[in-house]
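Undergrad: sequence first, then the predicted structure:
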Amino acid sequence: QQQVKQSPQSLIVQKGGISIINCAYENTAFDYFPWYQQFPGKGPALLIAIRPDVSEKKEGRFTISFNKSAKQFSLHIMDSQPGDSATYFCAALIDTGTASKLTFGTGTRLQVTL
Amino acid sequence: GAVVSQHPSWVICKSGTSVKIECRSLDFQATTMFWYRQFPKQSLMLMATSNEGSKATYEQGVEKDKFLINHASLTLSTLTVTSAHPEDSSFYICSARSPGAGGRNEQFFGPGTRLTVL
């Protein structure tokens, strides 16, 4: 059962453009929503995260928009750069202490062209 | 800070042999460590969760007798793939979490280990 749906599967954006990746979840108990960036052959790295009591969070060129009622959240990458080319995963977590575990989306391969 | 290392970064072994992968938190004590498996162009799939000093909790469908996990200290967890077969070839990634490192829920991921079973 896939609890976090992610789209699109792949995305091509021109340099300087805006990259938008969307995720939707089912379980309303999720209370932490991180985005990870993964380069080929490397482990994922936390990019930005948000809690459901906030509708938007911005860090540099990266912004998360969160819609609690729609159970959706999205990542916006402003002024996309070739160095942003990577696979991006959204995730969701229920904070139950030591039993907490991340549920990942299926991933989006972003390619930023010159 | 909050660096997680894995060793080896890649390993090739013959079918039927066992392989051990180490995951270390270098600058913090990890009360909980997680092991994931990732096939090419796919998402991360959680295999098991381990808390220091206790038995690992395996996800449904993961054979605990095949994937042995030991979290003997607050900075080291090991995954041993026993009697490896070609279908076990994958990218294995660990992560570590500590209430005192980063945010309350943040997991810090290792660089991954590429396992190829011939």
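TA: Structure's in. What do you need?
Undergrad: for chain B, what is the nearest residue in chain A?
TA: In chain A, the residue that lies nearest chain B is residue A:43 (3.9 Å; Cβ to the nearest Cβ). C-betas here are computed from N, CA, C, even on glycine.
Undergrad: can you pull the pLDDT of the residue nearest to that residue when sequence neighbours are not counted?
TA: Once its chain neighbours are removed from consideration, residue A:43 has its nearest residue in residue B:109; the separation is 3.9 Å (Cβ to Cβ, 6 or more residues apart in numbering or on different chains). Residue B:109 carries a pLDDT score of 95 in this model.
Undergrad: residues in contact with residue B:106?
TA: A:34, A:46, A:49, B:2, B:97 (Cβ atoms under 8 Å, 6 or more residues apart in numbering or on different chains).
Undergrad: for chain A, which residues are neighbours of chain B?
TA: A:32, A:34, A:36, A:41-46, A:49, A:89, A:93, A:95, A:98-102, A:104-107, A:109 (Cβ under 8 Å from any Cβ of the partner chain).
Undergrad: which of the helices or strands spans residue 95?
TA: As the question left the chain open, I've gone with chain A. Following DSSP states H and E, one finds residue A:95 outside all helices and strands.
Undergrad: correction: the question concerned chain B.
TA: strand B:90-97.
Undergrad: partner strands of that strand and their direction?
TA: Here strand B:90-97 is paired, per DSSP bridges, with strand B:32-38 (antiparallel), strand B:108-109 (antiparallel), strand B:113-117 (antiparallel).
Undergrad: switch those strands over to CSV; also include distance to residue A:10 and mean neighbour count.
TA: Written out in CSV, the entries for these read as follows (distance: least, Cβ to Cβ, whole Å; neighbours: other Cβ atoms under 10 Å in any protein chain shown):
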stretch, distance to residue A:10, mean neighbour count
strand B:32-38, 17, 24
strand B:108-109, 22, 22
strand B:113-117, 23, 18
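Undergrad: so which residues of the chain form strands?
TA: Since you didn't name a chain, this refers to chain A. With DSSP state E as the definition, chain A shows strands at residue ranges A:4-7, A:10-14, A:19-25, A:33-38, A:45-50, A:56-59, A:62-67, A:72-77, A:86-93, A:102-104, A:108-113.
Undergrad: my bad, chain B
TA: Using DSSP E, the strands assigned to chain B run over residues B:4-7, B:10-13, B:19-25, B:32-38, B:44-51, B:57-58, B:67-73, B:76-81, B:90-97, B:108-109, B:113-117.
Undergrad: residues from chain B in reach of chain A?
TA: Applying the criterion Cβ under 8 Å from any Cβ, the portion of chain B that neighbours chain A consists of B:4, B:6, B:31-32, B:34, B:41-44, B:46, B:49, B:51, B:57, B:91, B:93, B:95, B:97, B:102-112, B:114.
Undergrad: now the residues you listed: which count as buried?
TA: By the neighbour-count criterion of 16 or more other Cβ atoms under 10 Å in any protein chain shown, those include these buried positions: B:4, B:6, B:31-32, B:34, B:43-44, B:46, B:49, B:51, B:57, B:91, B:93, B:95, B:97, B:102, B:105-112.
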